[in-house]
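S.K.: From the sequence below, what's the structure:
(one chain, ligands or ions: 1)
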Amino acid sequence: MVGTVASAFAQLLQFLGSNIVSVVLVVVTALVSSYYVKRPRGAPPGPRGWPVLGSLFSLVGKHGGRYLKQLGEQYGPIFSLYMGPQFTVVVNDVELAREAFLNQGEHTAARPFHYVMQRYEADERGVMNGIGFSNGKLWKEHRKFALTKLREFGMGKVSIENKIQEEASACLAHLSNTKGEPLDPQALLSSCVLNVIASIIFGARYDYADPAFLRLNNDINAIFHDTDAQGMLNFYPAMRHLPVFSRMLKKMDAAYVGLNKELQSNIGEHEEQAPEEEGDVRDYLDAYLLAQRQRAGTDSTFTTFQLLMSVRDLFLAGSHTVMTTLRWGLLFMLKYPHVLRRVQAEIDDVIGRGRLPCMADQDSMPYTRATIAEVQRVADIVPLNLPHCTTAEIQLGGYVIPASTMIIANLTAILNDPKHFPEPEKFRPERHLDERGDFVQNEALIPFSIGRRVCPGEALARVELFIFFTGILQNFDIRLPDGVTDPSMDGNLGFVWMANPYLLHCVARQ
Ligand code: HEM
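M.R.: Predicted structure coming up:
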């Protein structure tokens, strides 16, 4: 028997050796044809891409949102492509996004497999924990919990406004200390927004110079580095063995270990004084520990590991996003001083100088609100949203989308759609005002996404953006450094689309 197999194998090798050209042809034909066959029947059209690789490499090093927007101009508002082996549908239009993620949200709310997050957020059974990349019952329960508790500790209540105002005061004091010297605002803004999350979750803020806080900041920055390479690994996890990827993962591993250590130390302290009842709850960690205790003995998804993963998600998702938007906001004010002057005039009119801004001011400040809306639209910090995945076949835009398809709502295309935003390339806050000068909510303005996965930090982020942005402009004139007249509006893609580093002077207003 063994002899037969061995000789068959030898014969096969001999055949392959003498027919090498034919073999190569057969393999290539098989790959190419399998690729063509693979686009599912009834699926939207799209670029052919390369066998096995699909269109993934066309995206490397590019602004993915702009690239996929261009493809949409060729193939239509809904099209498909392969991201490596993953069949993917891209939606470039807000009406289709609403249909997919709101009306058919039941089948489109899942996250696809994501190697990098799997590496850091899966439990010992391989089940994804956290909020941003988990699925099913665990995701539903924790998303609901996060939304409710962020609201209690962080949203819509006077208490969070006080916390944000306290942080805004610290920020303004720091800016005063620069005495008009040039400053790169990134580190300061990053510290401010991290402290807002820390005060909601741990019930305390850090001193900006606290070594633990500096490490926390650094670890978060390291996690958001090399995101192109991270994207690659999600589709080809086997590449993690290549030195270039394994080096990157080693750095990320270290950053995650550092971040976990800081979070765990806070969780540990809270566990020592875990609350017995609602009245004892001081912050998010207390609320979770109490909920975990109340659910003990049931098939609860509330575990200590999941507590760590979910608060880690809140720190990661809630820091760079708000910081980056504020950085863009200040940059747009440097670029368009006439907008800055109008915002400052409105601040002087409605708030004056004697107190910090609060959310109640917003209704009387339509131009400032429109400016923040326009910053969010043009800055477009999460160009490709986070990926979703179908859990059943759906019909969308006249096409059939099979189960297990990755769906991307291309926010770049949506926020720059001339149907909803005429001359989208122009920064024009007035587009968000009606003829009476009142703020109007444009239905296509969805920087926080739409549907069941819509950003649960939206309300918190809106309070932070309003109070920090108006607080800074109320107290400082911001100016470009000498010799710079036209700042670059270019950016670089990490976890979010970040303005390139820039300097500004903050001069106390008279
Ligand atoms: C300007 C600020 C922000 C922007 C533009 C933003 C945008 C987004 C976007 C586009 C998503 C993906 C939604 C989807 O998959 O459809 C998302 C998800 C998420 N965001 Fe935000 N976000 C911001 C601030 C925050 C803040 C302050 C927090 C919390 C403290 C937060 C927590 C989260 C979480 C946990 C998710 C995952 C939700 C889930 O998978 O169910 N975000 N955000």
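
S.K.: only C-alpha atoms for contact and neighbour calcs from this point on.
M.R.: Noted.

S.K.: Relative to the ligand, how far out is the most centrally placed residue in the chain?
M.R.: Centroid check for the chain by Cα atoms, centre = their mean gives residue 382 as the closest residue, at 5.3 Å. With distances defined as Cα to the nearest ligand atom, to the nearest Å, the gap from residue 382 to the ligand amounts to 6 Å.

S.K.: Touching, that residue and residue 498? I think so.
M.R.: No - judged on Cα atoms under 8 Å, residue 382 makes no contact with residue 498 at a distance of 9.6 Å.

S.K.: if we can go back for a sec, OK, contacts around the residue nearest to the centre of the chain?
M.R.: Under the criterion of Cα atoms under 8 Å, 6 or more residues apart in numbering, the contact list for residue 382 reads 411, 447, 495, 496, 497.

S.K.: Same question for residue 361.
M.R.: 350, 351.

S.K.: List phi and psi for it.
M.R.: Backbone torsions for residue 361, taken as degrees, to the nearest 10, come to phi -70, psi -30.

S.K.: pLDDT at it, what is it?
M.R.: On the pLDDT scale, residue 361 is placed at 97.

S.K.: try residue 430
M.R.: At residue 430 the predicted local confidence, pLDDT, stands at 98.

S.K.: Against the ligand, how distant is the residue nearest to residue 56 when sequence neighbours are not counted?
M.R.: Counting by Cα to Cα, 6 or more residues apart in numbering, the nearest residue to residue 56 once its immediate chain neighbours are dropped is residue 83, at 4.6 Å. Relative to the ligand, residue 83 is positioned 18 Å away (criterion: Cα to the nearest ligand atom).

S.K.: What is the longest helix along the chain packed up against?
M.R.: Longest helix in the chain by number of residues (criterion: DSSP state H): helix 304-335. Other elements packing on helix 304-335 under the criterion 3 or more Cα pairs under 8 Å, 6 or more residues apart in numbering; DSSP states H and E are helix 186-201, helix 243-272, helix 337-350, helix 366-379, helix 458-475, strand 476-479, strand 497-499.

S.K.: Select, out of these, the one closest to the ligand.
M.R.: Closest of the helices and strands packed on helix 304-335 to the ligand is helix 458-475, at 4.5 Å (criterion: Cα to the nearest ligand atom).

S.K.: Tell me which of the helices and strands packed on helix 304-335 approaches residue 121 most closely.
M.R.: Between residue 121 and those, the tightest spacing by Cα to Cα is seen for helix 243-272, at 10.3 Å.

S.K.: what's the closest one packed up against?
M.R.: Contact here means 3+ Cα pairs under 8 Å, 6+ apart; on that basis helix 243-272 packs against helix 211-223, helix 284-294, helix 304-335.

S.K.: now that helix: how far from the chain's centre is it?
M.R.: Its chain's average C-alpha position is 20 Å from that of helix 243-272, according to Cα atoms, centre = their mean, to the nearest Å.

S.K.: before we move on, back to that, may I see the ChimeraX selection of the buried members of the contacts of residue 382?
M.R.: Here the buried members of the contacts of residue 382 are turned into a ChimeraX selection, burial being counted by 16 or more other Cα atoms under 10 Å:
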select :411,447,495,496,497
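
S.K.: wait, which of the contacts of residue 382 is closest to the ligand?
M.R.: When these are compared for distance to the ligand, the smallest value, 5.1 Å, is given by residue 447; criterion: Cα to the nearest ligand atom.

S.K.: mind checking which helix or strand that closest one is in?
M.R.: Using DSSP states H and E, residue 447 sits within no helix or strand.

S.K.: Quick check: the gap between residue 99 and the ligand.
M.R.: Distance, residue 99 to the ligand, using Cα to the nearest ligand atom: 13 Å.

S.K.: so how far is residue 217 from that residue?
M.R.: Spatial separation of residue 99 from residue 217 under the definition Cα to Cα, to the nearest Å is 38 Å.

S.K.: Spell out which residues of the stretch 51-200 of the chain are next to the ligand.
M.R.: Applying the criterion Cα under 6 Å from any ligand atom, the portion of the stretch 51-200 of the chain that neighbours the ligand consists of 131, 132, 133, 143.

S.K.: Just the buried ones from the residues you listed?
M.R.: A residue is treated as buried here by neighbour count (16+ other Cα under 10 Å); on that basis the buried members of these are 131, 132, 133, 143.

S.K.: show me what contacts the residue nearest to residue 56?
M.R.: Taking Cα under 8 Å, 6+ apart, we find residue 83 in contact with 53, 54, 55, 56, 235.

S.K.: How many residues are close by the fourth one?
M.R.: Counted with other Cα atoms under 10 Å, the burial measure for residue 56 works out to 19 neighbours.

S.K.: which residues does it contact?
M.R.: Neighbour list for residue 56: 82, 83, 84 [criterion: Cα under 8 Å, 6+ apart].

S.K.: And the last one, what's its pLDDT?
M.R.: Looking back up the chat, that one is residue 84. The per-residue pLDDT of residue 84 was computed as 87.

S.K.: Test my guess that it contacts residue 235.
M.R.: Yes - counting by Cα under 8 Å, residue 84 does reach residue 235; the two are 5.9 Å apart.

S.K.: SS state for residue 507?
M.R.: In the three-state summary, residue 507 is assigned as strand, counting by DSSP: H, G, I helix; E, B strand; the rest coil.

S.K.: Run through the bridge partners of it.
M.R.: With beta bridges defined as DSSP bridges, residue 507 has these partners: residue 477.

S.K.: With pLDDT and secondary structure added, can I get the buried ones among the residues of the stretch 51-200 of the chain next to the ligand in a markdown table?
M.R.: Putting those into a markdown table (pLDDT from 0 to 100; DSSP: H, G, I helix; E, B strand; the rest coil) gives the following:
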| residue | pLDDT | secondary structure |
| --- | --- | --- |
| 131 | 97 | coil |
| 132 | 96 | coil |
| 133 | 96 | coil |
| 143 | 97 | helix |
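
S.K.: okay, the helices and strands packed on helix 304-335 in CSV with mean pLDDT next?
M.R.: Written out in CSV, the entries for those read as follows (pLDDT from 0 to 100):
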stretch, mean pLDDT
helix 186-201, 95
helix 243-272, 94
helix 337-350, 98
helix 366-379, 98
helix 458-475, 96
strand 476-479, 96
strand 497-499, 94
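
S.K.: is it possible to export the ones you listed to TSV including distance to residue 213?
M.R.: Rendered in TSV, the data for the helices and strands packed on helix 304-335 read as follows (distance: least, Cα to Cα, whole Å):
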stretch	distance to residue 213
helix 186-201	8
helix 243-272	9
helix 337-350	32
helix 366-379	28
helix 458-475	20
strand 476-479	26
strand 497-499	22
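
S.K.: Which one of those lies nearest to residue 391?
M.R.: Across these, residue 391 has its closest neighbour in helix 458-475 (25.6 Å, Cα to Cα).
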